[in-house]
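1. Predicted model and sequence follow; I will ask about them next.
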Amino acid sequence: MNRNKFDWLLRLLHLDLLLVLGLAAVSGLGLVVLYSAGGQNWNLVAGQAMRLGLGFAIMFVLSQIPPSYFRFWSAWLYLAGTLLLLAVMVVGDISKGAQRWLDLGVLRFQPSEIMKLAVPMMMAWFFADKPLPPRLLHLLAGALITVIPFILIAEQPDLGTALVVGWAGAVALFLAGLSWIILFGLVALVVGVVPLFWTFVMHDYQRQRVLTFLNPESDPLGTGYHIIQSKIAIGSGGIYGKGWLNGTQSHLDFLPEGTTDFIFAAFSEEFGLVGGCILLSLYFLIIARCLYMATRAGDTYGRLLSGSLTLIFFMYAFVNSGMVCGLLPVVGLPLPLFSYGGTSLVTIMAGFGILMSIYSHRRTPVR
Amino acid sequence: MKLWRAAAKPPIDKLLVREKDNAAESELFFRRVLITLLAIFLALLSVSGRLVYLQVLNHDRFNLLSDSNRVRLLPLPPARGFIYDRNGVLLAENLTSYHLEVTPEQAKDLEAVLAGIRDRIALSDADIERFRKLARRTPPYNATPLRFQLTDEEIARLAIDMYRLPGVEIKADLTRRYPLKALGVHALGYVGRIDEDELRKLDPGQYSGSTHIGKTGVERFYEEMLHGRAGYEQVETNAEGRPLRVLSSTPPVSGKNIYLSLDMRLQAIAEDALEGHNGAIVAIDPRSGEVLALASQPTYDPNPFVNGIDFASYRKLNTSKDRPLLNRALRGVYPPGSTIKPMMALAGLEYGVVSRGSSVFCAGVYRLPGGGRKFHDWKRSGHGSVSMDRSLAQSCDVYYYDLALNLGIDRIHEFLGKFSMGRPTGVDLAGEKGALLPSRQWKRKIKKQDWYGGDTLSAGIGQGLFLATPMQLAHSTAIISQRGDNYQPRILHATQDTGAKAKTLAEPRKLPPVTLKNARFWDAVITGMIHVVEGGTAHKSRSPRYRIAGKTGTAQVFTLGQNERYNAKRLAKHLLDHALFIAFAPVDDPRIAVAVIAEHGGGGSATAAPLARKVMDAYLLDKYDSALIKGIEPAQDVLRNESE
């Protein structure tokens, strides 16, 4: 009886219990770690908690909106986002050497952030009424939808966000049923193109990052310092960690960016391998739940959008944790729900809102 | 196999208008999601695997790095250059000595460790206080010195109990030693521990590993050259701060060896000659400006200063009325007395105030025109009619009263200034004084008084306000001997890189020469100076082997009353006149210029001139008292090189 009532309440609120629990668990753990990594600064924790609250609120609001509305607005949002990206190129504000912000007088925001949602929506909208697996012409159109914002964002230059947007489009194509032959062909092409990309497209700081990634020790006082100190933090944590509030690397300021991009290192130092595996498992559970929800969507639009949004979340988690432990190059992506800071957090939570909307507004259970 | 179906199935219905098949698409999507989930699982598994690699397999290494987490730069102090005399006689070297260091961080209970050390070896409160002072300024993981000059016995006593004294280490270092002790100390100087003032001014990059710095003399003047360049070692340390491996190392560059222009044999002769007097002898090679001997008596042994002289000994040296720490050759300022008369005579000729043949009648007293104070000649009975030649030979004061008055102080100031009177000669030693060549401007500015004719008369015979150092007198004598050619006095003879055989000779520094309207003016004055020794005031110091040109001087220490007479026997020693003598020889080809001052020595002719003679004899005749130069003879190969 009670259980039925609870389910009914959740259906009414358009929330998915498991997903909300997973998100809350990661967010809560993130606040605990932030308290330690930030030098036991309550202001930091309170600020992050408020941002998380905002994120959950946005998620809740979006989950109430029926997917048909998202579908209707998909193309318009994509168009608007692309135009804003062009606007940034012309009148954008330069901060930290990159042109990312658009100053609207009242508020400054990054149009590229919109594209993290707009590209999956546009891809889903485009393939929604096409027969799948897609025909070559449709594939090319889909690729074009992805590549335009990718280039615009990469030019800013913001490699991290560009990769996220590109990834979102690519996985949408894959989930839409991209032929394996084409896929492997593309992989082969990329391998061939990489050297050209290296010489002509990449900026010096990006090349430097790749080079330091390959051999961080080569520049121990410069760019490699982050990775070396991060590895020391993680490695010194051992199996069980040094214990909460006992991390020396983060507290003695050896670990740079210990509350933002490198919070995973601070976490691993204090909570060890056990903590790291628990966190990775939580991420995996969230992703698995989301993908399950995606398969239960009633139409192609819902499926592709859900799947693409889920994989954006995965990319954040994987690229950040991989970067921090020296497995992947240093790309400035935060650890979702963990890193201090707000912009991407709001986008990610909005994505979960859309996911829940699609899941909870499905007409009938398929199976 | 089923997974591959979507791709493998040929799109046979390509030409047909394909309908959307939601069920089929849902199934396709489901398969793709499964593949994706598998990929995600593998991706996150690889991150976990990386965590295992870092946190389990390499935990010990990273834990160590984390605990010590400092790549430390250890300074490698350079070895200080040696100092030799011109003949290669060793004057300053480095000996290995042992000192005790404590690293506060490793000591944990510092007080207990200090007490533990005190139980085993002698440790004064001053040692501990200095240690605490130093330790406050250095990070706790750095070692701080506590005791220097450990004896073998102390080392043994500490070594067996080292395990009970955490953070305590015995370190070897090089300490400066001056094997000739007091001989030449006023030229050589000494090194001492870097004090707080110096620490603020020094480049920490160069001196972080060094403990000593030149304090006086050559050691101070050529500090940069002698010190060398510090090296560094980048070390990875363990959690206790002990270096595990050297990552990279930049070796230090040792300081250069320095060869002084001094001949220690001559130095020994000069110091011995002065024995019993307070005073100074400076001997210069006038052809190059090289300082051959720089003696100042009394002397002191510099060795105790190197690692901190004890307070009682220092007090004794510092408060002695003979002031052994004073370098009289550079910093002793004396009224030059009659030794400036050759320069005055040159000025008279140059400005046409006197001529070689003109005479002045000396009645033993001189009055300023218009009456006023009487100015006595040293010879109360007077010299009678005095030419320039006789004025020098007999040192007639009245001649120079008249000359000075006719020249006026302005011209005296200008002309004598060319002979480095009133300003440092610029010799390469620290702390040289400029003494005082009086002028109208100086008196008005400093004494707030007008210049009087009487001042000019006093200045004309090197008395009154006039002051000079022995170095200045030697330099001006050298200039006269070279008939105006002027070389800056210099004590650096050559430098040598450590390990190298070749020496780099220092170039003589030629200064603008003193030029006169007529070069024969020099002959007139030098002839007068020869007559000082040959039949004049210094006739007792005449040498049968070579010809000397000189000038005696007797400088009043206190002013007699108007009608009083100087009586050496009735005066206390400290009121006796200073005895001075300047000379160069041989007159035809001068190779040595000497200035001698014996404080309260009485007359220049009786006391100072024989001392100069001893120095010149030794140098020019190569005749050294073997007892005096024992152990400082030039090495045989040096002599051979010189003769080649």
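-> Thanks, I have it. Numbers count the residues shown, from 1 in each chain, chains lettered A, B, ... in the order given.
2. Closest residue of the stretch 1-150 of chain A to chain B?
-> With C-beta to the nearest C-beta as the measure, residue A:131 is the residue of the stretch 1-150 of chain A nearest to chain B, at 4.0 Å. Yep, even glycine has a C-beta here, placed from its N, CA and C like the rest.
3. what's around that residue, how many residues?
-> A count of neighbours around residue A:131, defined by other C-beta atoms under 10 Å in any protein chain shown, yields 19.
4. Would you mind naming the helix or strand containing the closest residue to residue A:248 other than its chain neighbours?
-> Distances taken as C-beta to C-beta, 6 or more residues apart in numbering or on different chains put residue B:66 closest to residue A:248, at 6.0 Å, once the chain neighbours are dropped. Using DSSP states H and E, residue B:66 sits in helix B:59-68.
5. Of all the residues in that helix, which ones are buried?
-> B:59, B:62-66, B:68 (16 or more other C-beta atoms under 10 Å in any protein chain shown).
6. Just give me the closest of the residues you listed to chain A.
-> Once C-beta to the nearest C-beta is applied, the member of the buried residues of helix B:59-68 that ends up nearest chain A is residue B:62, at 2.5 Å.
7. who's in contact with the closest one?
-> A:231-232, A:234-236, B:54-55 (C-beta atoms under 8 Å, 6 or more residues apart in numbering or on different chains).
8. In CSV: the buried residues of helix B:59-68, plus pLDDT and distance to residue B:297.
-> Output for the buried residues of helix B:59-68, formatted as CSV (pLDDT from 0 to 100; distance: C-beta to C-beta, whole Å):
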residue, pLDDT, distance to residue B:297
B:59, 91, 72
B:62, 88, 68
B:63, 85, 67
B:64, 81, 63
B:65, 80, 63
B:66, 78, 65
B:68, 64, 57
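9. In the stretch 251-400 of chain B, which residue sits closest to chain A?
-> residue B:251 (21.7 Å).
10. That residue touches residue B:231, doesn't it?
-> Yes. Using C-beta atoms under 8 Å, residue B:251 is in contact with residue B:231, at 4.6 Å.
11. If you count neighbours, what's buried in the lengthiest helix in chain A?
-> When chain A is parsed with DSSP state H, its longest helix is helix A:263-295. For helix A:263-295, a neighbour-count test (16+ other C-beta under 10 Å) marks A:263-277, A:279-280, A:282-295 as buried.
12. Residue ranges in the stretch 151-300 of chain B under the pLDDT threshold?
-> B:236-245 (pLDDT under 70).
13. what do you get if the cut-off is 90, keeping everything else the same?
-> Low-confidence segments of the stretch 151-300 of chain B (pLDDT under 90): B:151-175, B:193-212, B:229-253, B:276-277.
14. Tell me the residue of it that sits nearest chain A?
-> For the stretch 151-300 of chain B, C-beta to the nearest C-beta, closest residue to chain A: residue B:247, 9.4 Å.
15. so what's the backbone phi/psi at that residue?
-> Per-residue torsions, residue B:247: phi -80, psi -50 (degrees, to the nearest 10).
16. Not counting sequence-adjacent ones, nearest residue to residue B:288?
-> residue B:508 (4.3 Å).
17. Report the separation between the one you found and residue B:148.
-> Distance, residue B:508 to residue B:148, using C-beta to C-beta, to the nearest Å: 41 Å.
18. picking up where we left off before, dump the contacts of residue B:62 to a markdown table, plus pLDDT.
-> Below are these laid out as a markdown table (pLDDT from 0 to 100):
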| residue | pLDDT |
| --- | --- |
| A:231 | 90 |
| A:232 | 90 |
| A:234 | 93 |
| A:235 | 92 |
| A:236 | 90 |
| B:54 | 93 |
| B:55 | 93 |
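19. If we only consider those residues, which is nearest to residue A:192?
-> residue A:231 (32.2 Å; C-beta to C-beta).
20. May I see the buried residues of stretch B:356-367?
-> B:356, B:360, B:362, B:364, B:366.
21. quick one: the last one and residue B:400 touch, right?
-> No. Distance between residue B:366 and residue B:400: 9.4 Å, which falls outside the contact criterion (C-beta under 8 Å).
22. List of residues touching stretch A:314-323?
-> In contact with stretch A:314-323 (C-beta under 8 Å, 6+ apart) are residues A:160, A:163-164, A:167, A:261, A:264, A:280, A:283, A:287, A:328-331, A:333-336, A:339, A:344, A:348, B:40, B:43-44, B:46-47, B:50.
23. Pull up the residues of the stretch 251-367 of chain A that are close to chain B.
-> A:252, A:254, A:268-269, A:272-273, A:276-277, A:280, A:283-284, A:287-288, A:291, A:294-295, A:299-300, A:303-304, A:307, A:311, A:314, A:317-318, A:321-322, A:325-327, A:366 (C-beta under 8 Å from any C-beta of the partner chain).
24. What strands flank the longest strand anywhere in chain B, and is each parallel or antiparallel?
-> When chain B is parsed with DSSP state E, its longest strand is strand B:90-102. Strand pairing for strand B:90-102, determined by DSSP bridges: strand B:83-84 (antiparallel), strand B:144-147 (antiparallel), strand B:168-177 (antiparallel).
25. so which of those strands comes closest to residue A:115?
-> Using C-beta to C-beta, the strands paired with strand B:90-102 put strand B:144-147 closest to residue A:115, at 60.2 Å.
26. you'd agree residue B:169 is up against residue B:101?
-> Yes. With contact taken as C-beta under 8 Å, residue B:169 and residue B:101 are classed as touching, separated by 4.9 Å.
27. residues contacting the closest residue to chain B within chain A?
-> Sorted by distance to chain B under C-beta to the nearest C-beta, the residues of chain A start with residue A:235, at 2.5 Å. Each residue near residue A:235 by C-beta under 8 Å, 6+ apart is listed here: B:54-55, B:58-59, B:61-63, B:65-66.
28. Likewise for residue B:420?
-> Contacts of residue B:420 by C-beta under 8 Å, 6+ apart are B:472, B:475-476, B:479.
29. try residue B:299
-> Neighbours of residue B:299 in contact, by C-beta under 8 Å, 6+ apart: B:182-183, B:185-186, B:271, B:324.
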